[in-house]
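Novice: sharing a sequence plus its predicted fold:
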Amino acid sequence: MYITSSANLRNNYRKIANRCKETREPVFLTTNGEGDLVLMSLEAYKDLISHRSIEAELMRIEASEKAGRVSYVTLEEFEKGTEKILRVAEEETESYRHD
């Protein structure tokens, strides 16, 4: 875990940005010694969003299973569903690029 001040980011932006890209780990920024922001590469962020979407879908499936609302699908149906989940995650990621 790397923690640095916002002043250090201002003075060493390129070095810190490269660290984010190379390690794919976030950098925690402080202001006046207090946690303020988290900086990460776009690729790391896309991975995070993608994993969150997949985890949410798995949790939904698990809840359905526990409630007895389980339906079984063919491998082809499963692959189509997986493609849909990944497509939605990619669309969510794309929308953040344009903001």
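Specialist: Yep, it's here.
Novice: point me to the residue sitting farthest from the middle of this structure.
Specialist: What lies farthest from the middle of the chain is residue 68; by Cα atoms, centre = their mean that is 30.5 Å.
Novice: could you list the domains of the chain?
Specialist: 2-40, 43-97 (automatic domain parsing).
Novice: tell me the secondary structure for the residue farthest from the centre of the chain?
Specialist: coil (DSSP: H, G, I helix; E, B strand; the rest coil).
Novice: sorry, back to before: could the domains of the chain be laid out in CSV, adding mean pLDDT?
Specialist: Formatted as CSV, those follow (pLDDT from 0 to 100):
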stretch, mean pLDDT
domain 2-40, 95
domain 43-97, 83
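Novice: look up phi and psi at the residue farthest from the centre of the chain.
Specialist: For residue 68, the backbone dihedrals are phi 80, psi 20 (criterion: degrees, to the nearest 10).
Novice: what residues are up against it?
Specialist: Contacts for residue 68 were tallied using Cβ atoms under 8 Å, 6 or more residues apart in numbering; there are none. Backbone N, C-alpha and C define where each C-beta goes, glycine included.
Novice: going forward, count from 56.
Specialist: In the new numbering, first residue 56, that becomes residue 123.
Novice: measure it to residue 133 for me?
Specialist: Distance, residue 123 to residue 133, using Cβ to Cβ, to the nearest Å: 20 Å.
Novice: one more: residue 112?
Specialist: Counting by Cβ to Cβ, the gap from residue 112 to residue 133 is 12 Å.
Novice: looking at the two, which is more packed in?
Specialist: residue 112 (16 against 11; other Cβ atoms under 10 Å).
Novice: wait, that one touches residue 140, no?
Specialist: Yes. Taking contacts as Cβ atoms under 8 Å, residue 112 lies within contact range of residue 140: 5.2 Å.
Novice: surely residue 74 meets residue 82?
Specialist: Yes. Shown here, residue 74 and residue 82 form a contact pair, counting by Cβ under 8 Å, at 6.6 Å.
Novice: identify the contacts common to the two.
Specialist: Residues touching both residue 74 and residue 82 (Cβ under 8 Å, 6+ apart): residue 57.
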